[in-house]
Structure formats: structure tokens, C-alpha cells
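> here is a sequence with its predicted model. Questions after.
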Amino acid sequence: MAHTILTGAQWGDEGKGKIIDVLTDSVNAVVRSQGGNNAGHTVFVGNKKFVLHLIPSGILRKGKLCVIGNGVVVDPIALVEEIDGLVSQGVKVGRNLAISDRAHIVFPFHRLLDEAREAVRADGKIGTTKRGIGPAYGDKAARIGLRLCDLLQPKVFQERLEARISEFNHWHKGSGIESPDFNKLHAAYRSAGDRLAPFVTNTTMLLHKLHNKGASLLFEGAQGTFLDVDHGTYPFVTSSNTTAGGACTGSGFPPNLITHVMGVMKAYTTRVGEGPLPTQDDKLASMLHEMGREFGATTGRARRCGWFDAVITRTAQIINGFDQLAITNVDGLDGLEEIQVAVAYKLEGRKIEYLPAEIEQFSHCQPVYKKFKGWMRDTSQVKSFRQLPPLCKDYLKAITELTGGKLTMVSVGASREQTIFC
Ligand code: GDP
Ligand code: IMO
Ligand code: MG
């Protein structure tokens, strides 16, 4: 029995979904503990592609329980659509899904606020996914949010929704943001609530019981370390704690029962949305985009791409305590003669090995690169670490050492079979 937290070591989209799907084979349950449907986790089963947003990526494996924990913000309409989409693709969704009664609800007015805030920010926009995630977590912190336990009690839901809309109108009247239509909203959410009711439960107690029965749990991080609201590149972050500690808060599972923390990182760096990306390299981005790679799984936006940044992954190691590392998308670098890795930054003439807190300073950090010779060979069919080209092994060992932790998995393609255990 081992419980593992899996966390993105960069700015999200590290390939967490693929790694979770592979690891699910050897656990009993997969747990989401933060974020919402801003996440997009891609999993291939054969040549069938699935993109999971709210439902844990373990859902594609038979007999595994998938849990949406208290720290997740749930858009009930989007969740019902996701369930229906999976069922129409032949995936069973029934007793294998549990949703926390404490999870906060995302409403359409959260999405409108998300969009409106982005629109007035002009140059300073965050580039959010416009799923209403920030405003929903804002309601939670302001103690005016509604939770799934409210949705399931018709009278309570009616009263709390009326009160929330009334408060919304109080602050936003005349702002140009459309006032929520109570009747329409109430009907749509009650109907989604009826669909979700069989799944809603006290998931903290459920996880506690599973642990006592000897089950192994896998905590599926959403987003990545540098999108964390505390440790990320604020304000260009999401609104939840995406780092390993968030998995415990967002599920009610105690930290002293966690066995491993696995960091997932790409062999290069990507970022979608705004905010500094010190190692950004547009030539590398063009090459990856021409290969049809690095387009957002949630919004379809082209991801910005750059060289592997060991300053951020080392910082991620310090924050999350990774004892295991998975490196994905190694095949993306197969055709390069030379590969660069940022080993430090230069800021105002000084060499630093950390991220400054203030975003303007971070945006002035210039990477100090170490160059590696590319292996110039197709790795996508390689089945063992030993068989990887020697220059590729050197590169993987170097970025593992720069990050800290033990390399346990290497991914050389999007499918389950393209995974190497080290
Ligand atoms: P997540 O949000 O961390 O789950 O990652 P995304 O699914 O948003 O983005 C990762 C992308 O990389 C997806 O399109 C995956 O199918 C793909 N992927 C993951 N690992 C590999 C890999 O090793 N090689 C290739 N070619 N694609 C990969
Ligand atoms: P997964 O789980 C990559 C980014 C957005 C934006 C910022 C804030 O697939 O790795 P938000 O809508 O959360 O308020 O947007 O965070 N972002 C992600 N980037 N992967 C994600 O999730 C992301 N979820 C949010 O692009 O820059
Ligand atoms: Mg993603």
C-alpha cells in the first residue's frame, strides 16, 4: 500500500494525464484535489483520445475508483457533459465515481466575471481559461460560495442561490455584466444536481476507509507548481494550491500517510496564457507546433515553448519534495542537433538560482544556458532506459540531477506503451 501525490513541476500540461493513466493500473483510487475544468488531461487508449477536465484520469481503467475531492471547484453542467461524453465513448461511469459534498460550485456568473476581469486588464491580462475558476475560488475564500451539499437540498439551494444572486447584483449593478437569471440558473443547476446526486458523498471519510482497507491512492495534480496561487509566478497563476501540499488540504487526506511525491515534467518547458517564460524559444515552438504538438487541451490555444528550465524544476523539487520524477515528451527533442537547459538566471548582472517573488523582476531574468548535444534519433519506439541513445540518457540524467529526486519514468510518446520504467 502506497499513496502517491503527482504534481506538475512546470506551468501545467506536463503530461500528468498520461502518467496518471499508466500508474492507475497499480492503484485502487485516483483523487483530484484542486482546480476545476480549467484542467485538460489527455489520455490515449489505443488510438482513442480522451481529454479529462474534472474527472480523474483513472476513469479509463476498469475497477478503479475516481474521487473529486473537496478542494476542486465543480461546474455541475460541465461535469454532467463530461460524464455523458465519456459514456458515449464507451467508458463506464457509475459507482466508480465519487464527488465531495464540500466541493464548491462554479456558476455562469463566475465565468462572466472571469471574462469581464480579463477584458478590463487589457495589457495585464492573465490569459485565463475563462472557466470561472478564479471567481469561484474567490467566493470560497469570501465565504459566499455554494457547495454541492447545498445543491442537493432544494430549499437550502433556492435560498442560498437567491442570496448569492442578490449579493452579485448589489456589487455588479451597472457594471455591464449581465445579472444572473435566477429561474433559468436554478432549473439548470437543480437538474444537474439530480444527475450528480448519486455520486456525491463525504469523500474524506471514503478515503479514510479506503486507506484502512489497505487501498493505494494516487492524487492527480492539476495545473503545475508555477501556477500555484502561493508559489507560482503571481499574478499569472491559477487560484488554487497546485503544489503537493494542496493534495492533502483538497482531499482531507493526512500528510503523514503520503508515501511518495512524484514530479512530472516535460523534457522542455511550455506555458499557455500570459506571464514570463524565461527560456521561451520561438524556433523550438515552431518545430513542435509543426509536429502538431503543444496546443492547449482545454482552450486549443498554441502553447508557448522554451528550453528546459532547471531553476524552476529545482524550485519545484524544494516546494513539493519530489522523491520520484517522470520526464515526458522526450521524443519532442529527437530531431535537435543541440539542446539548451537553463541552469541559473542572470538578474541585474548577478547570477541567481531562484525565482524572484516580484513578477517584473522575474520577467527580467535571463537564462544562463548549458548546452547539450542532441541525440538525433527516434526514441518513440524505445522500450527500456538502457536502449535510449547514449546522448539522450546523458540529457535525462543531467536534468534529473539538476532538479533533484530519482528518475522513475520516461515517456517517449502519448500512448500507454510508450512509457519506460527506470
Ligand atoms: P496534462 O494537463 O499535464 O495532463 O497534459 P496535457 O494532456 O494537457 O498535455 C500533454 C500533451 O502531451 C498531451 O497531448 C499528451 O497526449 C502528450 N504527451 C504526453 N506524454 C507524451 C510523450 O511522451 N510524447 C508525446 N509525443 N506526447 C506526449
Ligand atoms: P492542466 O491541469 C496549463 C493557466 C491558464 C492561465 C492561468 C489562470 O491541464 O495542466 P485559470 O483559468 O486557471 O484562472 O487560468 O492558468 N492554466 C493552465 N495552464 N494547464 C492547465 O491545467 C491550466 N489551468 C490553468 O492558461 O495562464
Ligand atoms: Mg493540460
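Yep, that arrived. These numbers come from a predicted model, not from an experiment. Numbering: from 1, shown residues only. Ligands and ions are numbered 1, 2, ... in the order given.
> residues contacting Pro76?
For Pro76, the contact set (CB atoms under 8 Å, 6 or more residues apart in numbering) comprises 105, 148, 151, 189, 192-193, 195-196. To be clear about C-beta, it is placed using only N, CA and C from the backbone, and glycine gets the same treatment.
> let's go with 10 Å and repeat that
54, 99, 103, 105-107, 148, 151, 188-196 (CB atoms under 10 Å, 6 or more residues apart in numbering).
> what does Thr249 give?
Counting by CB under 10 Å, 6+ apart, Thr249 makes contact with 33-34, 69-71, 240-241, 255.
> one more time with 6 Å
By CB atoms under 6 Å, 6 or more residues apart in numbering, the contact set of Thr249 is Gly71.
> re the thing from before, can you tell me which of the contacts of Pro76 are up against ligand 3?
When CB under 5 Å from the ion is applied, no member of those is adjacent to ligand 3.
> any chance you could map the helices in the stretch 151-300 of the chain?
Ranges of helices in the stretch 151-300 of the chain, per DSSP state H, counting those that start in this stretch, are 154-172, 182-196, 203-212, 244-249, 282-290.
> and ligand 2, is the fourth one touching that?
So the one you mean is helix 244-249. No - Helix 244-249 stays clear of ligand 2 (CB under 6 Å from any ligand atom), getting no nearer than 12.5 Å.
> get me the contact residues on this protein for ligand 1.
Contacts of the chain with ligand 1, taken as CB under 6 Å from any ligand atom, map to 8, 12-18, 40-42, 297, 328-329, 331, 411-414.
> residue with max distance from the center of this structure?
Within the chain, Gly174 marks the point farthest from the mean C-alpha position, 35.5 Å out by CA atoms, centre = their mean.
> phi, psi of the nearest residue to Gly224 once chain neighbours are set aside?
Leaving aside its sequence neighbours, Gly224 sits nearest to Gly8 (CB to CB, 6 or more residues apart in numbering; 3.1 Å). Here is the backbone geometry of Gly8 (degrees, to the nearest 10): phi -70, psi 130.
> in this structure Gly8 contacts Glu14, no?
Yes - when contacts are counted by CB atoms under 6 Å, Gly8 is listed as touching Glu14 (4.4 Å).
> ok, and does stretch 269-279 reach over to ligand 2?
Yes - Stretch 269-279 lies within reach of ligand 2 by CB under 6 Å from any ligand atom, at 272-273.
> interface residues of the chain facing ligand 2?
Close to ligand 2, as judged by CB under 6 Å from any ligand atom, the chain has residues 8, 12-13, 38-41, 126-129, 131, 133-134, 222-224, 227, 238-239, 272-273, 297.
> which among those count as buried?
Buried members of the residues of the chain next to ligand 2, scored by 16 or more other CB atoms under 10 Å, are 8, 12-13, 38-41, 126-129, 131, 133-134, 222-224, 227, 238-239, 272-273, 297.
> give me the residue from the stretch 201-350 of the chain nearest ligand 2.
Gly273 (2.1 Å; CB to the nearest ligand atom).
> got the contact list for that residue?
By CB under 6 Å, 6+ apart, Gly273 lies in contact with Gly127.
> which pLDDT value belongs to the residue in the stretch 251-400 of the chain that ligand 3 sits nearest to?
Proximity of the stretch 251-400 of the chain to ligand 3 (CB to the ion) peaks at Ala297, 4.4 Å away. Looking at Ala297, its pLDDT stands at 84.
> I'd guessed it sits against Asn38; true?
No - using CB under 6 Å, Ala297 makes no contact with Asn38, being 10.5 Å away.
> tell me the most buried of the helices of the stretch 151-300 of the chain?
Comparing the helices of the stretch 151-300 of the chain by mean neighbour count (mean count of other CB atoms under 10 Å), helix 244-249 comes out on top with a mean of 23.
> scan this protein for its longest strand.
In the chain, with assignment by DSSP state E, the single longest strand is strand 338-347.
> for the record, mean pLDDT for it?
Strand 338-347 comes out with an average pLDDT of 98.
> so which bits of it are buried?
Buried, per 16+ other CB under 10 Å, within strand 338-347: 339-345.
> okay, angle between it and helix 282-290 too, please.
130 degrees (axes from the mean of the first three to the mean of the last three CA atoms, to 10 degrees).
> for strand 338-347, packing partners?
helix 310-320, strand 366-373 (3 or more CB pairs under 6 Å, 6 or more residues apart in numbering; DSSP states H and E).
> show me how far the following helix or strand past the longest one is from its chain's centre.
This points to helix 310-320. As assigned by DSSP states H and E, the chain's next helix or strand after helix 310-320 is strand 324-328. Using CA atoms, centre = their mean, to the nearest Å, the mean C-alpha position of strand 324-328 is found 15 Å from that of the whole chain.
> now do stretch 91-102
Relative to the centre of its chain, stretch 91-102 is centred 19 Å away, using CA atoms, centre = their mean.
> so which bits of it are buried?
91, 93, 96-102.
> I'd like the residues you listed laid out as TSV, including distance to Gln387.
As requested, those are exported to TSV (distance: CB to CB, whole Å):
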residue	distance to Gln387
Val91	33
Val93	38
Asn96	36
Leu97	39
Ala98	41
Ile99	43
Ser100	44
Asp101	49
Arg102	47
